[in-house]
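Asks: sequence? don't have it. structure:
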């Protein structure tokens, strides 16, 4: 795998096979050297993934067999699934203020299904800080002069999918 600088010059080539899911970066300035170090660290364990944000990297382990996530050795409080609902967990990245952003569940039109949500978890105790129903499809840059981030979230309804813009105050 070759990591490039923002100007297109080669920064570092890593030997081996790397998963594109090994590193999650969410709106954080991450230089080529730090990205290479994250991928190199992830090669030591196939179950460990690293999430980056504005603060320190977060080491995460996702288990779909018991539908759980640990972040820096703290168990996150993932919502219970509905009967027959598959486990889906995707670490999206780290947020400012000791929080991890995680996509849980899958879209459903069933009123009894847990469904999908984007959830921010505390890294200190694993509790959910906030959540929004839907699947994250992107990030919108803060408005000029503002620090608040905005998530673009697809929310599945009975016969349509709505795109919602969710403001994350203090992100």
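Replies: Here it is on my side, so go on. A quick note: this is a predicted structure, and the numbers were derived from the prediction, not measured.
Asks: for the rest of this, base every contact and every neighbour count on C-alpha atoms.
Replies: Fine.
Asks: what's the weakest-modelled helix or strand in the chain?
Replies: One helix or strand of the chain scores below all others by mean pLDDT, DSSP states H and E: strand 23-25, with a mean of 65.
Asks: quick check: next helix or strand after that one?
Replies: Note on strand 23-25: by DSSP states H and E, the next helix or strand toward the C-terminus is helix 32-42.
Asks: tell me the pLDDT at the residue minimising distance to the centre of the chain?
Replies: With distances taken as C-alpha atoms, centre = their mean, the residue of the chain nearest its centroid is residue 92 (1.1 Å). Per-residue confidence at residue 92 stands at 89 (pLDDT).
Asks: what's the answer for the one 3 residues further on, then?
Replies: You'll see residue 95 listed with a pLDDT of 83.
Asks: and the residue lying closest to it once chain neighbours are set aside, what pLDDT?
Replies: Closest residue in space to residue 95, ignoring its immediate chain neighbours: residue 53 at 5.4 Å, by C-alpha to C-alpha, 6 or more residues apart in numbering. On pLDDT, residue 53 comes in at 74.
Asks: again, but for the one 3 residues further on
Replies: pLDDT for residue 56: 77.
Asks: now swap in residue 47 and tell me
Replies: Note on residue 47: pLDDT of 73.
Asks: what does residue 171 give?
Replies: Confidence at residue 171, expressed as pLDDT, is 44.
Asks: one more: residue 16?
Replies: 75.
Asks: in the chain, which spans are strands?
Replies: Counting by DSSP state E, the chain has strands at residues 2-4, 10-13, 23-25, 48-52, 58-63, 68-71, 74-75, 89-95, 99-104, 117-122, 128-133, 135-140, 149-156, 161-168.
Asks: turn these into TSV, including distance to residue 33.
Replies: TSV is the format used below for the strands of the chain (distance: least, C-alpha to C-alpha, whole Å):
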stretch	distance to residue 33
strand 2-4	8
strand 10-13	7
strand 23-25	14
strand 48-52	13
strand 58-63	17
strand 68-71	23
strand 74-75	27
strand 89-95	18
strand 99-104	22
strand 117-122	27
strand 128-133	32
strand 135-140	24
strand 149-156	26
strand 161-168	29
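Asks: good, we can wrap up now.
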